[in-house]
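In: kindly return the folded structure for what I paste below:
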Amino acid sequence: MSPALVVVLLALLLGIQPITTDVYLPALPSLQQDLGASMAQVQMTFAALLLSFGISQLVWGPLSDRFGRKPILLWGMGAYVLASVACVLAPSMALLIAARIAQGAAMGAAVMGARAVVRDLYAPLEGAKVMSRGLSGLGVIAILCTPLGGLLTDWVHWRAAMAVLAVFGVGTLALLMLRFQETIPARNPQALAPRTLWRSWAQIARHPTFASYCVLSSASYVALFTFLASSSFVLIQGWA
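Out: Predicted coordinates:
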């Protein structure tokens, strides 16, 4: 794959996170009113998504080591598209939360796969440069998400904002199917063995660098996502 294609794929795979979390933020008050839900239930569509997203990466990583990056990316993006369609069609809050859980788990495959591809193809220094270019694309996507979601919610319906996620997923899945080439040097047939999994997880959990970054990122994410989950109600309903 050409370097430009790798950067585009990284931007899309990493950008799936702001797409999934930010596009529907302006729609939360409308969603609450339409489905007759409490604020806690609406915010659960956000919290459940993030929880399943985080946990799923513990599974997607070993699966990609065992079967390859491309199958996992295709399975994950296929599941993401189906979960996104379920979000658009959900007739109740309970089903919407369930669809968001599935969506978060599928999103984990995309983000995990993007980082694994960089590790497969590049040495650490060059990989950092390529990742920075991909993150620049993520930044552009993130900037556009909330205004797009607000416009669609005002002009059409909150389900139209949700539909953006399905469209994004279909486009990314098509590009993966047509242009992505397997990057893993060699599949690990022991990647899913319980002993191997436990040893890997324990080694990571004991590493002081991981612990430091985990505490730092957890603190920043708590503040960020508390703001995201509440801001639309304050800014939209309070302004009105």
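
In: give me the contact list for the strand or helix carrying residue 203.
Out: Take DSSP states H and E as the rule and residue 203 turns out to sit in helix 194-206. By C-beta atoms under 8 Å, 6 or more residues apart in numbering, the residues outside helix 194-206 that reach it are 58, 62, 190, 191, 210, 211. The C-beta positions use only the backbone N, C-alpha and C, and glycine is treated the same way.

In: could I get the buried residue list for it?
Out: For helix 194-206, a neighbour-count test (16 or more other C-beta atoms under 10 Å) marks residue 197 as buried.

In: contacts for the helix or strand following it next, please.
Out: The helix or strand immediately downstream of helix 194-206 is helix 208-232, counting by DSSP H and E. With contacts defined as C-beta under 8 Å, 6+ apart, helix 208-232 is touched by 21-22, 25-29, 43, 46-47, 50, 204-205.

In: narrow the residues you listed to those in helices?
Out: Among the contacts of helix 208-232, the members found in helices (DSSP state H) are 21, 22, 28, 29, 43, 46, 47, 50, 204, 205.

In: tell me the buried residues within those.
Out: Members of those classed as buried by 16+ other C-beta under 10 Å are 21, 22, 28, 29, 43, 46, 50.

In: buried residues in stretch 27-46?
Out: 27-32, 35, 37, 41-46.

In: so what secondary structure elements neighbour the top helix by length along the chain?
Out: Assignment by DSSP H gives helix 124-155 as the longest helix of the chain. Packed against helix 124-155 by the contact rule (3 or more C-beta pairs under 8 Å, 6 or more residues apart in numbering; DSSP states H and E) you find helix 3-22, helix 93-121, helix 158-179.

In: now do the same for residue 14: its pLDDT.
Out: Per-residue pLDDT puts residue 14 at 94.

In: ok so, going back, so how do I select the buried members of the contacts of helix 194-206 in ChimeraX?
Out: Burial among the contacts of helix 194-206 is assessed by 16+ other C-beta under 10 Å; the matching ChimeraX selection reads:
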select :62,191
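
In: can you list the contacts of helix 194-206 in TSV and add distance to residue 224?
Out: Listed next are the contacts of helix 194-206 as TSV, based on distance: C-beta to C-beta, whole Å:
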residue	distance to residue 224
58	22
62	28
190	37
191	32
210	20
211	20
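
In: quick one: mean pLDDT over stretch 181-196.
Out: Stretch 181-196 shows a mean pLDDT of 88.

In: measure that stretch end to end?
Out: Its start and end residues considered, stretch 181-196 measures 27 Å (C-alpha to C-alpha, to the nearest Å).

In: begin at 168, not 1, for the rest of this chat.
Out: Taking 168 as the first residue, the last one we looked at is stretch 348-363.

In: how about residue 331: what's its closest non-neighbour residue?
Out: Once flanking residues are discounted, residue 331 sits nearest to residue 190: 5.1 Å by C-beta to C-beta, 6 or more residues apart in numbering.
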